[in-house]
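> Starting from these lines, generate the structure:
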Amino acid sequence: MLNDTFLTPAQIVAELDKYIIGQHEAKRHVAIALRNRWRRLHAPADMQQEIVPNNILMIGATGVGKTEIARRLAHLADAPFVKVEASKFTEVGYVGRDVESMVRDLAEQSVSRLRQRRQEEVKAQAQQAVEDIILDALIPPMKAPANGNGGSLGFGISGESIAADAIPTSDQELNERTRERFRQKIRNGELEDRRIEINVAQSGPSVGIMGAPGMMDEATMSGLQDMLGSMMPKKSRKRKVSVAEARKLLLEEEAAKLVDMDEVKEEAVRQAENSGIIFIDEIDKVATSGSGKSGGPDVSRQGVQRDLLPIVEGSAVNTKYGVVNTDHILFIAAGAFHVSKPSDLIPELQGRFPIRVELQSLTKDDFYRILKDPKNALTKQYQALLMAEDVQLDFEDAALSRLAEIAFEVNSEVENIGARRLHTVMSRLLNDLLFDVPDQLPAGTHLTVTPQLVEERLRDMVKNRDLSQYIL
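Residues are numbered from 1 along each chain as shown. From the prediction side, this is the model:
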């Protein structure tokens, strides 16, 4: 959730600059929108419900950074985030996904991330519980002390024995001391390969609900299935595994037992409502043609837009975790709008995206910077891949400039797919090297990509303008 150390708009833009080149206006708008989430939660209580988010419509060609901006934004906000494609939705009454499913997906994602976080918080306790289970499988505890002093000389497990001077006065004390010795061995990793028998939770068969289609919505159906599933007795089965395998199998199970899922669900719904972000991609695919006709596919597209409208305006959506109110969810829509225009969306939906940002097409200089500057630049990704083979890969600055120039030319003459073009160019350049490592280029090799190598590998395409080889 948003907190007192939340980033300022300038800091948000600075973080986005680490991964996304250019598009400064778009970054400014999303940074303000994100900071406004924090401001609303710190506004006077009587005004919090009145402040609604300014949803954003991003317009730009494919590959200019629309999706990446939204994805990085959600990461910075540490907020529930889902990406959906408008073209996958159909009007209510038709086969396909209904628009409310995006809110259910957001609730599911919110619960999942919060549950994982809570399990991390109790991980130490869960590890202790797992250690106890493993220890019980190795040395079962004695339920009651044996009569007398017990004659337990030489008591041990799998070759382990107790020194004569360490013999306690009862079987109970002997058992406790043996258990402590084995506990230490478990912690030291000395028994990782020892095989033990444990009980592992077994997921039962899914519960089916019979009924006529359309009698209940997806959320109600899912909720009933969960409820019936929880009423069925939990099954477990015995498995013989190594101590190392047992630790992996039991850790998540024990952590889940320590987490209050009712509290997680309530908090997750609050987070989804107050800081959730839904990114609707390909919004232009549901825009009408703008020709004035209202037949054919335009009818269905308008239907999807009208179904989207109440969700974006603010409505209550039933999910299996409870009702999610969409009033304060931030919606970011994006589309290339090659064929249609933003004005082809129905007026009511246009009004719900008051912030419009046009992302610029990438220039030759942008391509050069994309190859060089971002933390996740393609060049750095290839260097990391070859580093796994102990092969060093370097790029000369002039080589990067030439690669950027080629990518820009291809986009100009074939089809503009933005920064994605760099993937095809880089793949064409480096595939032979990647194939030769490590057979012909062993560990310790130092490779340098020069302008000459770029020309050599891409010469035929550059000379003959056989640009079809670049098409994805």
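
> Make sure I have this right: Glu389 is in a strand.
No - counting by DSSP: H, G, I helix; E, B strand; the rest coil, Glu389 is not found in a strand; it is coil.

> tally of neighbours for it?
Using other CB atoms under 10 Å, Glu389 has 16 neighbouring residues. For the C-beta atoms, the positions are set from N, CA and C on the backbone; glycine is no exception.

> Contacts only, for Leu433.
Leu393, Leu441, Leu447 (CB atoms under 8 Å, 6 or more residues apart in numbering).

> from what I can see Arg72 touches Val13, true?
No - contact between Arg72 and Val13 fails when scored by CB atoms under 8 Å: they sit 11.0 Å apart.

> you'd agree Thr178 is up against Ile139?
Yes - taking contacts as CB under 8 Å, Thr178 lies within contact range of Ile139: 5.6 Å.

> got a winner among the contacts of Leu433 for most neighbours?
Leu393 (22 neighbours).

> residues in contact with that residue?
Here Leu393 is in contact with Tyr382, Gln383, Leu386, Met387, Leu433, Leu447, Thr448, Val449 (criterion: CB under 8 Å, 6+ apart).

> Am I right that Ile196 sits in a strand?
Yes - secondary structure of Ile196 (three-state DSSP): part of a strand.

> low-scoring stretches of this protein, by residue?
By pLDDT under 70, the weakly predicted segments of the chain are 1-5, 91-96, 143-169, 202-234, 289-299, 460-472.

> can you map out the strands along it?
56-59, 81-85, 195-202, 235-242, 277-281, 316-319, 322-325, 330-335, 355-358, 392-395, 446-449 (DSSP state E).

> For these, could you give me JSON lines that also reports distance to Glu267?
Shown next, in JSON lines, are these (distance: least, CB to CB, whole Å):
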{"stretch": "strand 56-59", "distance to Glu267": "27"}
{"stretch": "strand 81-85", "distance to Glu267": "17"}
{"stretch": "strand 195-202", "distance to Glu267": "25"}
{"stretch": "strand 235-242", "distance to Glu267": "29"}
{"stretch": "strand 277-281", "distance to Glu267": "17"}
{"stretch": "strand 316-319", "distance to Glu267": "14"}
{"stretch": "strand 322-325", "distance to Glu267": "11"}
{"stretch": "strand 330-335", "distance to Glu267": "19"}
{"stretch": "strand 355-358", "distance to Glu267": "29"}
{"stretch": "strand 392-395", "distance to Glu267": "46"}
{"stretch": "strand 446-449", "distance to Glu267": "50"}
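
> Point out the most buried one among those.
strand 330-335 (a mean of 26; mean count of other CB atoms under 10 Å).

> Check which helices and strands that one sits against.
With contacts defined as 3 or more CB pairs under 8 Å, 6 or more residues apart in numbering; DSSP states H and E, strand 330-335 has these neighbours: helix 24-41, strand 56-59, helix 66-77, strand 277-281.

> Now with 6 Å, please.
On a contact count with 3 or more CB pairs under 6 Å, 6 or more residues apart in numbering; DSSP states H and E, strand 330-335 meets strand 56-59, strand 277-281.

> Direction-wise, compare the longest one with helix 66-77 and give the angle.
Using axes from the mean of the first three to the mean of the last three CA atoms, to 10 degrees, the inter-axis angle of strand 277-281 relative to helix 66-77 is 170 degrees.

> For Asp46, which of the helices and strands packed on strand 330-335 is the nearest?
Closest of the helices and strands packed on strand 330-335 to Asp46 is strand 277-281, at 25.4 Å (criterion: CB to CB).

> who does that closest one pair up with?
strand 81-85 (parallel), strand 330-335 (parallel) (DSSP bridges).

> could those go into JSON lines alongside distance to Glu50?
Rendered in JSON lines, the data for the strands paired with strand 277-281 read as follows (distance: least, CB to CB, whole Å):
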{"stretch": "strand 81-85", "distance to Glu50": "25"}
{"stretch": "strand 330-335", "distance to Glu50": "16"}
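
> Who are the contact partners of the closest residue to Ser401 other than its chain neighbours?
When the adjacent residues along the chain are set aside, Ser401 lies closest to Tyr368, with 5.7 Å between them (CB to CB, 6 or more residues apart in numbering). By CB atoms under 6 Å, 6 or more residues apart in numbering, Tyr368 lies in contact with Leu400, Ser401, Ala404.

> separation between the first one and Pro80?
Between Leu400 and Pro80 the computed distance is 38 Å (CB to CB, to the nearest Å).

> And the two? Which one has more around it.
Pro80 (27 against 21).

> ok so, going back, do you know which of the strands of the chain lies nearest Glu173?
Nearest of the strands of the chain (CB to CB): strand 195-202, 23.8 Å.

> Remind me what that closest one packs against, helices and strands.
Using 3+ CB pairs under 6 Å, 6+ apart, strand 195-202 sits against strand 235-242, helix 243-258.

> now do 10 Å
helix 123-138, strand 235-242, helix 243-258 (3 or more CB pairs under 10 Å, 6 or more residues apart in numbering; DSSP states H and E).

> one step back: list the residues that contact both of Arg72 and Val13?
Contact with both Arg72 and Val13 is made by residues Ile20, Lys27, Val30, according to CB atoms under 10 Å, 6 or more residues apart in numbering.

> check contacts around the residue lying closest to the first one once chain neighbours are set aside.
Think Ile20. Distances taken as CB to CB, 6+ apart place Gly65 nearest to Ile20, at 4.9 Å, with adjacent residues excluded. By CB under 10 Å, 6+ apart, Gly65 lies in contact with 16, 19-23, 26-27, 58, 72, 334, 359-360, 362, 366, 370, 418-419.

> Buried subset of the residues you listed, written for ChimeraX?
The buried subset of these, as determined by 16 or more other CB atoms under 10 Å, is captured in ChimeraX by this line:
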select :16,19,20,21,22,23,26,27,58,72,334,359,362,366,370,418,419
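
> ok, the residue lying closest to Asn175 once chain neighbours are set aside - contacts?
Nearest non-adjacent residue to Asn175, counting by CB to CB, 6+ apart: Met142, 4.5 Å away. Listed by CB under 10 Å, 6+ apart, the contact partners of Met142 are Ser170, Asp171, Gln172, Glu173, Leu174, Asn175, Glu176, Arg179.

> what's the answer for Glu131, then?
Arg183, Ile186, Arg187, Arg247, Leu250, Glu254.

> now with 6 Å?
Ile186.

> again, but for Ile134
Ile186, Val243, Ala246.

> Tell me the spacing between it and Ala244.
From Ile134 to Ala244 the distance is 10 Å (CB to CB).

> go on, Asp136?
From Asp136 over to Ala244 (counting by CB to CB), the distance is 17 Å.

> Could I get the phi/psi values of Gln23?
Gln23 adopts backbone torsions of phi 60, psi 50, taken as degrees, to the nearest 10.

> so it touches Leu359, yeah?
Yes - with contact defined as CB atoms under 6 Å, Gln23 reaches Leu359; the gap is 5.2 Å.

> In CSV, list the helices and strands packed on strand 195-202 along with distance to Arg40.
Formatted as CSV, these follow (distance: least, CB to CB, whole Å):
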stretch, distance to Arg40
helix 123-138, 33
strand 235-242, 46
helix 243-258, 33
